[in-house]
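In: Sequence plus the predicted model coming up.
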Amino acid sequence: MSNILLEPLKVGDHMLRNRIIMAPLTRQRSGVERIPNELMATYYKQRSSAGLILTEATSITPMGVGYEGTPGIWNDAQVEGWKKTTEAVHKEGGKIFLQLWHVGRISHPSFLGGETPVAPSAVKPAGHVSLLRPKKEFETPRALETKEVKELVQTYKEAGARAKAAGFDGVEIHAANGYLIDQFLQSSTNLRTDEYGGSLENRARFLLEITDALIDVWGAGSVGVHLAPACDSHDMGDENPKETFGYVAKELGKRKIAFIFTRESSTDHSLSPYMKEQFGGVLVSNQGLEVSQAQSLVEEGKADAVSWGRYYISTPDLVERVKLGKAFNDFNPETFYTKTAEGYTDYPFLEKGE
């Protein structure tokens, strides 16, 4: 029986060989200099049978980091480092987009040379800084000046140009999971009174200006946007998620970008089908999907492609296993964020004949 997940899909300017997307996954293997390396190139090469790889979130500026060992795209050494990955993936016939990231308030001065994290508004998130030991609470961020917001739009554009120089096929804007762009979108974290706050149109302005800037670099057909309509990460909240994310999807649709990627569980209350309707283009669905559920989402037109995250950590040949109806490898969360090949490039492929 044919499997719709294995059928090709036109996504913007790109023809994908299947509808299975590797989700962006922070793995913290870039070292203190945040320069992508040979180990990372091997990791992505192993998974290049995906229709499209979305890289781990990659910071556009040193002030946008919030975790140890995550990669950057703000200097030439990082560009050269990423070339190892793009060349390795392309040699296998794969496609790869770089995910552009700024964590905003989800950081700590210890990552920022003593500087206070920045955000749309001085609203402190609940909880502790992820993976930082000893544990430390998040601090109250500094609200960005209007001029600084506009400068950050330009920083995203420069990062997009560096991604092109590094050989990527496109870029994905990380506008999800409670990081900086999401902090502008959602009403609980954006209390601004300038052109970037207040009305829904103003709250969405930052994302849309970034999108337009990256379209200038790449063309709309090589730009995607990552969204989290569930509003469930890093102490987020919006007074009307359907209105907010419906508006964003519609505006992105007007720009004819390659895709939107939505991270939310597939339930009767999911906003993704509504967002797909408003967007009018390719929607990638993600979060805790069984293969049969993923097939149904695409067959029913609720999504055009599907994505796995943790199972792509443990299952480099995930596409082949979907094709053969084989189980995915179990993943080990204890090695998600270590510094070595263990739990990174040593997960097994199917043996011939399995």
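Out: Yep, it's here.

In: Residue 155 contacts residue 62, doesn't it?
Out: No: here residue 155 does not reach residue 62: they are 10.7 Å apart, not a contact under C-beta atoms under 8 Å. (Glycine included, C-beta is placed from N, CA and C.)

In: Can you name the residues in contact with the helix or strand hosting residue 253?
Out: Using DSSP states H and E, residue 253 maps to helix 241-254. Residues from elsewhere that reach helix 241-254 (C-beta atoms under 8 Å, 6 or more residues apart in numbering): 175, 185-187, 200-201, 203-204, 207-208, 211, 225, 227, 229-231, 238, 260, 271, 274-276, 278-281.

In: So which of these sit within helices?
Out: Using DSSP state H, 185, 200-201, 203-204, 207-208, 211, 274-276, 278-279 are the members of those that sit in helices.

In: Quick one: which of the residues you listed is the most crowded by neighbours?
Out: Within these, most neighbours by other C-beta atoms under 10 Å means residue 185, with 29 neighbours.

In: Not counting sequence-adjacent ones, nearest residue to it?
Out: In space, residue 185 comes closest to residue 203 once its chain neighbours are excluded; the distance is 5.5 Å by C-beta to C-beta, 6 or more residues apart in numbering.

In: ditto for residue 349
Out: Distance criterion C-beta to C-beta, 6+ apart; nearest residue to residue 349, sequence neighbours excluded, is residue 317 at 4.7 Å.

In: what's the neighbour count on that neighbour?
Out: Neighbours of residue 317 (other C-beta under 10 Å): 19.

In: does it really touch residue 22, like I thought?
Out: No: counting by C-beta under 8 Å, residue 317 sits too far from residue 22 to count as a contact (11.9 Å).

In: which stretches of the chain have low pLDDT?
Out: 1, 268 (pLDDT under 70).

In: can you give me the strands in it?
Out: Ranges of strands in the chain, per DSSP state E, are 9-11, 14-16, 20-22, 52-54, 58-59, 96-101, 118-119, 142-143, 170-174, 223-227, 259-263, 282-286, 305-308.

In: Show me what the fourth one is packed against.
Out: Other elements packing on strand 52-54 under the criterion 3 or more C-beta pairs under 8 Å, 6 or more residues apart in numbering; DSSP states H and E are strand 20-22, strand 96-101.

In: Please identify which of residue 155 and residue 62 sits among more neighbours.
Out: Ranked by neighbour count (other C-beta under 10 Å), residue 155 and residue 62 place residue 155 first, with 20 against 14.

In: Now for the more buried one: which residues touch it?
Out: 60, 61.

In: and if you look at residue 227?
Out: Residues in contact with residue 227 (C-beta under 8 Å, 6+ apart) are 175, 176, 245, 248, 249, 260, 261, 262, 263, 275.

In: make it 6 Å
Out: By C-beta atoms under 6 Å, 6 or more residues apart in numbering, the residues touching residue 227 are 175, 176, 260, 262.

In: Kindly report the same for residue 235.
Out: By C-beta under 6 Å, 6+ apart, the contact list for residue 235 reads 125, 126.

In: Could you do the one 4 residues further on as well?
Out: Taking C-beta under 6 Å, 6+ apart as the contact definition, residue 239 lies against residue 187.

In: Could you verify my assumption that residue 165 touches residue 79?
Out: Yes: applying C-beta atoms under 6 Å as the test, residue 165 and residue 79 come out as touching, 5.3 Å apart.

In: In terms of neighbours, single out the busier of these two.
Out: The neighbour comparison of residue 165 against residue 79 (other C-beta under 10 Å) goes to residue 79, with 20 against 14.

In: Verify the stated contact: that one with residue 163.
Out: No: using C-beta under 6 Å, residue 79 is not in contact with residue 163; the gap is 8.3 Å.

In: sorry, back to before: please report how far the residue nearest to residue 349 lies from residue 138.
Out: Distance, residue 317 to residue 138, using C-beta to C-beta, to the nearest Å: 39 Å.

In: Repeat that for residue 318.
Out: Distance from residue 318 to residue 138, by C-beta to C-beta: 34 Å.
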